[in-house]
Structure formats: structure tokens, C-alpha cells
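> My questions are about this predicted structure, shown below with the sequence.
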Amino acid sequence: MNVRVWRGENWKSIVNADGAGYYAYLPATFIYQDWRFGFFEEIEKEYFGREGKIYFFNYIESEDVMVDKYYCGVSVVMTPFFLLAWFLSYLFGYECDGYSFLFQCSVSIGALFYVILGMSLLARVAVKYYSKYAVAAALATVYLGSNLFYYTVFDPSCSHAFSFGSICVFIFLAEKSLRLKTPKSFFLLVICYSISVIIRPTNGLILLLIPMFAGNWQNLLSWIKSGLQPAKLIPMLVIAFSILFIQSLYYYLQCGLWWIDAYGIERFHFDRPEIINVLFSYRVGFFIWAPVCSLAIPGIYFLWKKNAMLGTFWVLFMSVSVWVISSWWSWHYEGTFGMRSLVDYLGLVMFSTAAFFAHIKRWVLRILLALPVFGAIWLLSIQTYQRMDSILPDGRISKEMYWLVFMDRRPEIRWLLADPGEIKFPEKVEYVMQKRYWLEHKGKRIFDSNDIREDSLVHKITYVGETHKELIRIAMNEVQQSHRLYVDFKCKVAYTSLLNDIEIELEAYNKGELVKLSVAKIIKLDFKCNQFNHYRLQLQTSDEEVPVDELRVVMRNEEYQPFEIRDISLTLASF
């Protein structure tokens, strides 16, 4: 467990984001008996200081209902840990609201338990094919060199650690069932499969793993015939239906429907998968953010060499899984550290990596291989630190952003790449500005009664979190209104994020009605973060437009992104 998670009140964020939707079924069932999750608004205020909606609720327009779009499987496997936390919270005087300290501890412990369980059972299968040293090295390499470590320790309430564990258990039970063909082995396999599906429905694909461990087609056909016997098939169908019915029951309790597409308009687009982006993009690319997993590629050959079905169905399963994952409408899955949807299948990567390690016999080759492996693990450990220290964002990352902060742990670059809205904005920020604006007529500055001039005056504008801030307002007299107006706005801007959405607007009005608008973001392609850049925005009216009696300069900061603006120069000219 990492101390950073438990430092101060950081533990309050263990159950957060997607994880809050996966976990909410537990307090709703055992504590509140409120399956519309009305209690969560108070939890948001208490633990996050946020007002607003239940963000894991999804509105399904076709049915006019609201449902938790996340599946209940994580809550099902977390139930023993939740109940223990509830009992201990009562015993030691903690709040029994489902979200106090011991409840959030239970989520971290549960995730770690299922990852350890999955890896230990996977190892028991793998050592039947390869040496225990190769298996141990593969498990350690992939765990420490992939984002499985991150989703076990730092983001445990998401489904990935639990899904990874359930798939590894499925592999163990499938191999055992193929050998023994006993009713018990079939029933345990069906239980594990059904729970895996209600953790993440895409886990239904793990049926393709059964032939992988059959050894040969005769054994596979014998296993299928054994499973089709009524004495086994009927109980298996009852077990599967009963477990899947848990999700159906929750839908009914939430919205009165026995089944609903909880993801609404979010869809798979199987005709245009983003396979290259999923595997190789700087944003989430599987091999970019977990380079040690590339060791599984040469391992495929050794899997196939060991047994043709072992290698063939490994490739088939991983190919279909990558295709399905990359077909999701949001192929990058947002809020992610690496390609998080492939974390679930890292047990297969461990297995193939063990096959590769087992065939590196010479000590010289092992030492030469160890150097890049340790380097890749070290790289990921630095990137994990960067992610937790807000140097790496959990959203959009480009090639330029990746290399801009590569291996850099300096505190001063925190939030440099942050998504708008991520930063906790101070209540008040004062920007020192030098305003300079005057009126020109036919290229000459004029200093008579028509002049608008405020030169070299230093002002302080207090920004208190408004999304709309008026910086300057100037009223035009009748003489100025009789000519076309040209406005040239200049300033210096500095900001912390390359993803800045702040806009400056030049607004021309006539009798309170907007007649002309010029707007642009403050960020330009050649601008750099954390230093002042020269910014310019212009507006010009035509003879056909109505006269302008008022000019305003407005800042729009919809995402509360921090920035500084200085040395404003506003030149007005009439022709």
C-alpha cells in the first residue's frame, strides 16, 4: 500500500470517479436501502465538498429513466470486505455511512486481495508449462512494469483490478475443469464466468480461453459433451441466470425496468476500431505506457511451439479483445493512466511473457534482457509518481506533452499538462495589469474632448472564480460613433497548461445589443507554458453596420483554468 494514498485526507478519494458507480450498490443495499442513490449527494458534500448531481447516473432518453451506468460485479465481489468494514466501523466508532475511513480501506484491501489471488492461481497453471523461476519473473515484470500496479494501489475502486483477478481465476478453473470434468469444476467455472461478466460485460469473451488450455481438439470436444449432460447443464444455467439476475434486479429497483441499456448513446463502432491508437498512441498506447508488455510478443512463438492451441487461441482472444476495446466510442476511455481497459487481460500477457523468459537459457542473454526490463519498470515507476503528483494528467496527452515532462519530477511543473478544471482554484487571485488605451483618428492620436486615454496606470483585478470576467468597458461618444471602428487588443499572457480553454472577447455594442464580436483562445501554437507570451486580437466594423456606442473586453474562463494577463494595450482607431 502506498503512503501517498493515506496521507492526510487523501483516503477520501479512493472511492471516486468511475469507482463510485461500481461501489455505490453496496451502501445502497446494506445501509440506505436507496437504490436511486439519493444518499450520494450528501456523501459528495461530506467527503469532496462538492454540490451537484449523482455523476455516475445516466439518463436514458428512450425510457425517460436514470440508472447507474456501471455494473454491479465489483460490489458483488467486494461484499465480504464491505461487511467487515461495516462491523469494524461500528466497533471502533467510525461513521457507518459506507464511505468513512475503514470502508475506503476495505476497497484497497479488496483490490489487492483479488490481484494477489489471481496471480497466485495463474502461477499454478503457468508452472505446468514453464519453470517456476520464469513464471515468477514474468508475473513480477508485468505487475511492476504495467499500470496494473497503479490500478491496484492508487485507483482500486475501478473495476480493473477485480476484473484482472476474476479472469485469472477463470483461467485456473477452466484448466482444472478441462482436466477433471467433474460437476464441481463446471459449477465453479460458471460462477466465476458469470461474476466476470457482471464486473465488465466485455469479459464475456473469456470463453475463448477455454480451448487455449484444452491441449487438443479431442479433449475439448469431450469436455463440451460432458458439460452438455442434463445433470450438469441445467444447474449451470440456473447458476448463471441467478448471478446475472442480480444486475437485472438492481435495474428494476432503480427504474422499474428489468433490463435496460445503461450506457445509453455510448456505443461500440466495430466498423472503425482505433487499434493503432489503443496500442501505440502517446495518449494511452498500451505498449507506450507499458513497454515491458512487448515481451509477450516473442512469447507467442514459444506458446505455439509448446502447444498449437495454446498459441492460436492466445492470439485469437487478444486480437478479438483489442478489436472490441478499440471499437468503443471513447477508445481512449478518458481519465486513464495508460490503456486501462487492457489491464483486465494482463494475466494473458504474464503467461506469454513467462513462455519467453523460459526460453532464455544463457546467463549473458538474461543479464542483457534484465537491463531494459529494469529500465522499463523504473520508467513506469517515475511516470506513476508523475501521475500521482499531478505532473502527468489523466486525460489528453500528445507526443509533445509526453516528452516535455519525460522523467521530470520537479515540483514546479505540477499541473503543467493539466486538463482544464482539474486544478483546485484559489478563492481569490489578483492579476496585476497595466491598462493602456487611447483613440486614434486617421492614424494620429488625438488628445481633445473625444479622447479616451488611460495610460500607464496599474490596476488590480480580483478574479473570484467567475467564468465571465469583464476587463474593460468603454463608452463611445457621438463623434466616435460616426466612423468605422478598428480595435487592436494586445497583452501578455502566461498559463500553466497546454490545454487552456480561456478566451478573450472584443464585444461591440449599440444600445445594449451586441453588434460585433471577435473572440479567440489565449493559447497559440507557438506559445509556451509558464512564461509570458505576446497576445493580439483585433476587431473591425464596416460601414454597413450600426454605430458602436460601447466597447467591452471580456475574459471567459469556463473551466477555471489559472492564468495571468499583463500589460494590456487597447488601441481604438476610426477611419
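In hand now; what should we look at?
> Identify the residue nearest the geometric centre of the protein.
residue 335 (1.5 Å; CA atoms, centre = their mean).
> What pLDDT is listed against it?
Residue 335 carries a pLDDT value of 79.
> if I read this right, it contacts residue 19, doesn't it?
No: if you go by CB atoms under 8 Å, residue 335 and residue 19 don't touch, sitting 10.4 Å apart. In short, each C-beta sits where N, CA and C put it, glycine included.
> Please give the element, helix or strand, for the closest residue to residue 74 other than its chain neighbours.
Leaving out its chain neighbours, the residue that sits closest to residue 74 by CB to CB, 6 or more residues apart in numbering is residue 22, at 3.9 Å. Assessed by DSSP states H and E, residue 22 sits inside helix 18-23.
> how about stretch 309-327: buried residues?
309-311, 313-314, 317-318, 321-322, 324-327 (16 or more other CB atoms under 10 Å).
> the strands in this structure, which residues?
57-60, 65-68, 429-441, 444-445, 454-463, 468-475, 485-495, 503-510, 513-521, 533-540, 550-556, 563-574 (DSSP state E).
> Redo these as JSON lines? Include mean pLDDT.
Output for the strands of the chain, formatted as JSON lines (pLDDT from 0 to 100):
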{"stretch": "strand 57-60", "mean pLDDT": "77"}
{"stretch": "strand 65-68", "mean pLDDT": "84"}
{"stretch": "strand 429-441", "mean pLDDT": "50"}
{"stretch": "strand 444-445", "mean pLDDT": "51"}
{"stretch": "strand 454-463", "mean pLDDT": "49"}
{"stretch": "strand 468-475", "mean pLDDT": "80"}
{"stretch": "strand 485-495", "mean pLDDT": "82"}
{"stretch": "strand 503-510", "mean pLDDT": "90"}
{"stretch": "strand 513-521", "mean pLDDT": "88"}
{"stretch": "strand 533-540", "mean pLDDT": "87"}
{"stretch": "strand 550-556", "mean pLDDT": "86"}
{"stretch": "strand 563-574", "mean pLDDT": "75"}
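> wait, which of the ones you listed is closest to residue 368?
strand 485-495 (45.1 Å; CB to CB).
> Go through the buried residues of stretch 309-327 and say which is closest to residue 345.
Using CB to CB, the buried residues of stretch 309-327 come closest to residue 345 at residue 321, 5.8 Å.
> Report the rounded mean pLDDT for the helix holding residue 22.
90.
> And for stretch 391-407?
82.
> Would you mind writing the CA trace of that stretch as CSV?
Extracted in CSV, the C-alpha atoms of stretch 391-407 (Å, rounded to 0.1, in the frame of the first residue of the first chain):
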residue,chain,number,x,y,z
ILE,A,391,2.7,16.2,-13.5
LEU,A,392,1.1,13.7,-15.9
PRO,A,393,-2.7,14.3,-16.5
ASP,A,394,-5.2,11.6,-16.7
GLY,A,395,-6.6,12.8,-20.0
ARG,A,396,-5.2,14.0,-23.3
ILE,A,397,-1.5,13.5,-23.8
SER,A,398,0.2,14.2,-27.1
LYS,A,399,3.7,13.3,-28.2
GLU,A,400,4.9,16.8,-27.4
MET,A,401,3.4,16.7,-23.9
TYR,A,402,4.9,13.2,-23.2
TRP,A,403,8.4,14.3,-24.0
LEU,A,404,8.0,17.7,-22.4
VAL,A,405,7.8,16.2,-18.9
PHE,A,406,9.6,12.9,-19.6
MET,A,407,11.2,11.6,-16.4
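> number of nearby residues for residue 80?
Residue 80: 11 surrounding residues under other CB atoms under 10 Å.
> That should have said residue 242, apologies.
Look at residue 242: counted by other CB under 10 Å, it has 11 neighbours.
> so residue 366 touches residue 360, yeah?
Yes: between residue 366 and residue 360 there is a contact under CB under 8 Å: 5.4 Å.
> These two - which one has more neighbours?
Using other CB under 10 Å as the criterion, residue 366 and residue 360 rank with residue 360 on top: 16 against 13.
> Would you mind giving both backbone torsions of the closest residue to residue 111 other than its chain neighbours?
Once flanking residues are discounted, residue 111 sits nearest to residue 156: 3.4 Å by CB to CB, 6+ apart. Here is the backbone geometry of residue 156 (degrees, to the nearest 10): phi -70, psi -20.
> all helices in the stretch 151-300 of the chain, in order from the N-terminus.
For the stretch 151-300 of the chain, the helices defined by DSSP state H, counting those that start in this stretch occupy 160-180, 183-199, 217-227, 230-255, 275-280, 286-289, 296-306.
> Go through the first one and flag the buried ones.
Read it as helix 160-180. Within helix 160-180, the residues scored as buried using 16+ other CB under 10 Å are 160-178.
> winner for burial among the helices of the stretch 151-300 of the chain?
helix 160-180 (a mean of 24; mean count of other CB atoms under 10 Å).
> just checking, what packs against it?
For helix 160-180, the elements it packs on are helix 73-92, helix 101-126, helix 148-153, helix 183-199, helix 217-227, helix 346-358, judged by 3 or more CB pairs under 8 Å, 6 or more residues apart in numbering; DSSP states H and E.
> got a list of what the residue nearest to residue 210 when sequence neighbours are not counted touches?
Excluding the flanking residues, the one nearest residue 210 by CB to CB, 6+ apart is residue 174, at 5.1 Å. Each residue near residue 174 by CB atoms under 8 Å, 6 or more residues apart in numbering is listed here: 189, 209-210, 213.
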